[in-house]
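Student: using only what follows, build the 3D model:
(chains A and B)
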Amino acid sequence: MATHTLSVLVENSPGVLARIASLFSRRGYNIDSLAVGPTENSEISRMTIVLNLDGHALDQVIAQLFKLINVIGISEMTDTDSIKREALLVKVNAQKSDREKVAAVAQKYNGVIVDESDVSLTIEATGPSTDIEALLKSLEQFGIKELVQSGLIALERGSVTLAERTLSTSGVAISDSHSATADYQN
Amino acid sequence: MSNQVTGAQSLVKSLEHAGVEVMFGIPGGAILPAYDPIYDSKIRHILVRHEQGAGHAATGYAQVTGRVGVCIATSGPGATNLVTPIGDAAMDSVPMVAITGQVPSAAIGTDAFQEADIRGITMPITKHNYLITNPDDIAGAIAEAFHIAGTGRPGPVLVDIAKDALQKMTEFKWPTNINLAGYNPKTKPDSQAIRDAAALIAKSKRPVLYVGGGVIKANASKQLLRLAELTGAPVVTTLMARGAFPDSHPLHLGMPGMHGTVAAVTALQKSDLLITLGARFDDRVTGKLSTFAVNAKIIHADIDPAEIGKNRFADVAIIGDVGEAITALIPALEAEFKKSEPDLTQWWSQMGALRAKYPVGYDHPEDGSVSPQYVIERIGAIAGPDSIYVAGVGQHQMWASQFVKYEKPRTWLNSGGAGTMGYAVPAAMGAKVGAPDTTVWAIDGDGCFQMTNQELVTCALNNIPIKVAIINNESLGMVRQWQTLFYNSRYSNTSLDSKRIPDFVKLADAMGCVGLRCDTTGDVDKVIKEAMAINDQPVVVDFSVFRDAMVWPMVAAGTSNDDILVARETAPDWDSQEL
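Tutor: Residues are numbered from 1 along each chain as shown, chains lettered A, B, ... in the order given. Sure, this is the predicted structure:
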């Protein structure tokens, strides 16, 4: 089993998230995290899906995703070729005596204090998953009251975009290079 | 503006533009606006008695004609009654468009009367589906639905249309081209894959052409025949592919799988190369997957990339239309064979011996009752290979696949993937509508028949003279067979008492059909011929048959194909075979 990150371009149509969720559910694929949002093109949304699979099953997941009519492009985001980030909001116990210590820990991970009360501080942080995990671990000593995390988002390094790689100039998915193993264009 | 029409008129115009000649359905509240222009349309609408019948009829029509079948129903229960045939069409890759009315858009999500989220419900069992709330979107959705249903790997597409979208005015515009960013099925196979496949075939000592239903969908039987004769390899045709290759052809070993022939099952098991054409390594074919054809390399040709490697790793994947794949493979193979002609003599001596020693067969019951296999065999012999045969699901289905001899594609219809009991009568109705000049026999069980026989009323009223053979063993026969074999003959809830109730002859008569009865072996031919002579009315024949007949050979579910049995506790005599 290995963790894979897929970036999926989908048409911005009603029910598309349900279609993806339904596919993963009925085929028994486990999603670690899922982040959805708009893109530079108002007609296209981008999903970043993190899942645990063996390598062979990944081809199958990608092929099954492509069977959804609203899915128009898929690419695996590797650690070396892409930038991956998570966002975190965390509410930590912080009595007066602990405040400076909490602030120092947050700063170490580029966290920002965005809210405070008499007994707590809320920290916002963005970074690679490992940094977010490390920040949380460091904050445990103070007592974490509440936290919320976004799913992972990822973007490939370099100038070429996912849309450029997976869509032809007319906006239609490129079919010639479609194979079950190598290229993930539809 | 003359192009100003209601959404309902736009729908019907769209169906006309899509080339629809017939649709099967039932009106109701939400779809009612559409039925007004249907009244004036040149499209034939056949009023069924249950929406499930409409769905299977659309499937039967599609399977016989190769065209997209159409069914139509109202919202809520009308739509949910289509779920089974839609799921059935999805499992067997049948091109179908289902149109459903939906409650008015303002009421969607309020648990309104006869509201069901049919788009959500059918998401996992359609190739794609739509919910239309704007009348301007109707024509485009219908055009896309037919395009998606009928191209690539065929499948069902549902278009759910809110009632107010049918009522409001719109401008009718039939799209001239369809541009779907995420749907562009690849039909032309990769030339390198073809060359790789040809090289593997040329080297193989024990090749098998493993032929699935995709060959029929792709209308590729002629190309298959050429490929088979060029390679000289044994051919096996799956349940969905019966008729894709002539049963009478000397290269044919029959059907593989759970109730396949010993020769077909063993050929796959012992092969060194499976040339897989439009088949999908279904569990009913492979048996226990880890023991399936362990020494075989796999060439897998399929139009659906997701089938490649789904169940079995493919050494060579040919993604594309299977007809185009075969057509491309033939010259590539001819070039390979110029270098060296493969010698399959030894392979054929083994497989030929198995085929000769273990043909599918049956015994006449000792108690003098009628053998169900005999009835089915005689229907096939008398009606011949030009007729169309439509089975339900269970023992009679397996016997119909074994004992009717198929020579042509699109003459054998059944519910293969979904295993939908009750498929036969409505699917036969659709088949007969699609091929009105062809004899259509539904070969049904007494259990299946009681699920959907109401469509005989539809047949009788609409001049759709199908013939139905009820293979009446007064049981859910296949389940009873499993109870015999695996549950110590404890027959929990499988006795239907249908030799007593209902009286199928009277039931047929009440539904406007001719009802015939046959209780003795000596009468079988006479009654079949009597049924064959009636062409102005549907005919139902109640064949009272032996209750404990079993389907053999059998590979028990979850076991290895190596453990095939030819009769109860009887394995083939492998020792006398040199394998």
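Student: point out the residues in the stretch 301-450 of chain B that sit beside chain A.
Tutor: Within the stretch 301-450 of chain B, the positions lying close to chain A (Cβ under 8 Å from any Cβ of the partner chain) are B:304, B:305, B:306, B:308, B:309, B:310, B:313, B:314, B:317, B:319. The C-beta positions use only the backbone N, C-alpha and C, and glycine is treated the same way.
Student: wait, the third one sits on residue A:66?
Tutor: Yep, that's residue B:306 we're talking about. Yes - here residue B:306 reaches residue A:66: they are 7.3 Å apart, a contact under Cβ atoms under 8 Å.
Student: by mean pLDDT, which helix or strand of chain A comes out lowest?
Tutor: Sorting the helices and strands of chain A by mean pLDDT, DSSP states H and E puts helix A:162-166 at the bottom, at a mean of 84.
Student: re earlier: dump the residues of the stretch 301-450 of chain B next to chain A to CSV, plus distance to residue B:556.
Tutor: Formatted as CSV, those follow (distance: Cβ to Cβ, whole Å):
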residue, distance to residue B:556
B:304, 29
B:305, 32
B:306, 29
B:308, 29
B:309, 27
B:310, 23
B:313, 25
B:314, 27
B:317, 31
B:319, 34
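Student: which of those sit farthest apart?
Tutor: The most widely separated members of these, counting by Cβ to Cβ, are B:304 and B:313 (16.3 Å).
Student: how about the strands in the stretch 401-550 of chain B?
Tutor: Taking DSSP state E, counting those that start in this stretch as the test, the strands found in the stretch 401-550 of chain B are B:412-413, B:440-445, B:467-472, B:514-518, B:539-544.
Student: need those in JSON lines (columns: mean pLDDT).
Tutor: Supplementary listing: those in JSON lines, determined by pLDDT from 0 to 100:
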{"stretch": "strand B:412-413", "mean pLDDT": "98"}
{"stretch": "strand B:440-445", "mean pLDDT": "98"}
{"stretch": "strand B:467-472", "mean pLDDT": "98"}
{"stretch": "strand B:514-518", "mean pLDDT": "98"}
{"stretch": "strand B:539-544", "mean pLDDT": "98"}
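Student: okay if I get the ones you listed as JSON lines plus mean neighbour count and distance to residue A:37?
Tutor: Listed next are the strands of the stretch 401-550 of chain B as JSON lines, based on neighbours: other Cβ atoms under 10 Å in any protein chain shown; distance: least, Cβ to Cβ, whole Å:
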{"stretch": "strand B:412-413", "mean neighbour count": "26", "distance to residue A:37": "47"}
{"stretch": "strand B:440-445", "mean neighbour count": "31", "distance to residue A:37": "53"}
{"stretch": "strand B:467-472", "mean neighbour count": "30", "distance to residue A:37": "56"}
{"stretch": "strand B:514-518", "mean neighbour count": "20", "distance to residue A:37": "64"}
{"stretch": "strand B:539-544", "mean neighbour count": "26", "distance to residue A:37": "60"}
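Student: so residue B:538 touches residue B:467, yeah?
Tutor: Yes - counting by Cβ under 8 Å, residue B:538 touches residue B:467, with 7.2 Å between them.
Student: all strands of chain A, in order?
Tutor: Ranges of strands in chain A, per DSSP state E, are A:2-11, A:31-38, A:44-53, A:71-76, A:82-93, A:112-116, A:120-127, A:144-149, A:153-156.
Student: buried only: go through the residues of the stretch 301-450 of chain B next to chain A for me.
Tutor: Buried subset of those (neighbour count, 16 or more other Cβ atoms under 10 Å in any protein chain shown): B:304, B:305, B:306, B:308, B:309, B:310, B:314, B:317, B:319.
Student: which of these fall within strands?
Tutor: With strands taken from DSSP E, the overlap with these comprises B:317, B:319.
Student: max-length helix in chain B?
Tutor: If you go by DSSP state H, chain B has its longest helix at helix B:322-339.
Student: give the other helices and strands that that helix contacts.
Tutor: In terms of contacts (3 or more Cβ pairs under 8 Å, 6 or more residues apart in numbering or on different chains; DSSP states H and E), helix B:322-339 is packed against helix B:191-203, helix B:214-217, helix B:221-231, strand B:273-277, strand B:297-302.
Student: and the ones you listed as TSV, adding mean neighbour count?
Tutor: As requested, these are exported to TSV (neighbours: other Cβ atoms under 10 Å in any protein chain shown):
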stretch	mean neighbour count
helix B:191-203	19
helix B:214-217	28
helix B:221-231	19
strand B:273-277	28
strand B:297-302	26
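Student: turn the ones you listed into JSON lines, columns for mean pLDDT.
Tutor: Converted to JSON lines, the helices and strands packed on helix B:322-339 look like this (pLDDT from 0 to 100):
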{"stretch": "helix B:191-203", "mean pLDDT": "97"}
{"stretch": "helix B:214-217", "mean pLDDT": "98"}
{"stretch": "helix B:221-231", "mean pLDDT": "98"}
{"stretch": "strand B:273-277", "mean pLDDT": "98"}
{"stretch": "strand B:297-302", "mean pLDDT": "98"}
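Student: need these in CSV (columns: distance to residue B:463).
Tutor: Output for the helices and strands packed on helix B:322-339, formatted as CSV (distance: least, Cβ to Cβ, whole Å):
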stretch, distance to residue B:463
helix B:191-203, 48
helix B:214-217, 28
helix B:221-231, 31
strand B:273-277, 38
strand B:297-302, 40
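Student: and these: which comes nearest residue B:423?
Tutor: Using Cβ to Cβ, the nearest of the helices and strands packed on helix B:322-339 to residue B:423 is helix B:214-217, at 16.8 Å.
Student: just the residues contacting that closest one, thanks.
Tutor: B:66, B:93, B:153-154, B:221, B:224, B:240-241, B:243-245, B:277-279, B:302-303, B:322-323, B:409-410 (Cβ atoms under 8 Å, 6 or more residues apart in numbering or on different chains).
Student: contacts only, for residue B:278.
Tutor: Applying Cβ under 8 Å, 6+ apart to residue B:278 gives the contacts B:211-218, B:220, B:241, B:301-303, B:322.
Student: of the residues you listed, closest to chain A?
Tutor: Nearest to chain A among the contacts of residue B:278: residue B:302, at 9.6 Å, using Cβ to the nearest Cβ.
Student: re earlier: for the least confident helix or strand of chain A, packing partners?
Tutor: Judged by 3+ Cβ pairs under 8 Å, 6+ apart, helix A:162-166 is in contact with strand A:2-11, strand A:71-76.
Student: so what are the sheet partners of the shortest one and their directions?
Tutor: Strand A:71-76 has its sheet partners listed here by DSSP bridges as strand A:2-11 (antiparallel).
Student: give me the angle between the partner strand and strand A:82-93.
Tutor: Put simply, strand A:2-11 runs at 100 degrees to strand A:82-93, going by axes from the mean of the first three to the mean of the last three Cα atoms, to 10 degrees.
Student: how many residues are close by residue 8?
Tutor: Answering for chain A, as no chain was given. Look at residue A:8: counted by other Cβ atoms under 10 Å in any protein chain shown, it has 26 neighbours.
Student: wrong one, I was asking about chain B
Tutor: By the criterion of other Cβ under 10 Å, residue B:8 has 26 neighbours.
Student: okay, and it sits in which element?
Tutor: Using DSSP states H and E, residue B:8 falls within helix B:7-17.
Student: in that helix, what's buried?
Tutor: Going by neighbour count (16+ other Cβ under 10 Å), the buried part of helix B:7-17 is B:7, B:8, B:9, B:10, B:11, B:12, B:13, B:14, B:15.
Student: tell me which other helices or strands it touches.
Tutor: Under the contact definition 3+ Cβ pairs under 8 Å, 6+ apart, helix B:7-17 sits against helix B:32-40, helix B:138-150, helix B:163-167, strand B:169-171.
Student: average pLDDT for that helix?
Tutor: Helix B:7-17 comes out with an average pLDDT of 98.
Student: centre of the chain to that helix, how far?
Tutor: Chain-centre distance of helix B:7-17: 29 Å, with Cα atoms, centre = their mean, to the nearest Å.
Student: next, the angle from it to helix B:32-40.
Tutor: 50 degrees.
Student: how far does the helix or strand just after helix B:7-17 sit from the chain's center?
Tutor: Downstream of helix B:7-17, the next assigned helix or strand under DSSP H and E is strand B:22-25. Averaging C-alpha positions (Cα atoms, centre = their mean) puts strand B:22-25 19 Å from its chain's average.
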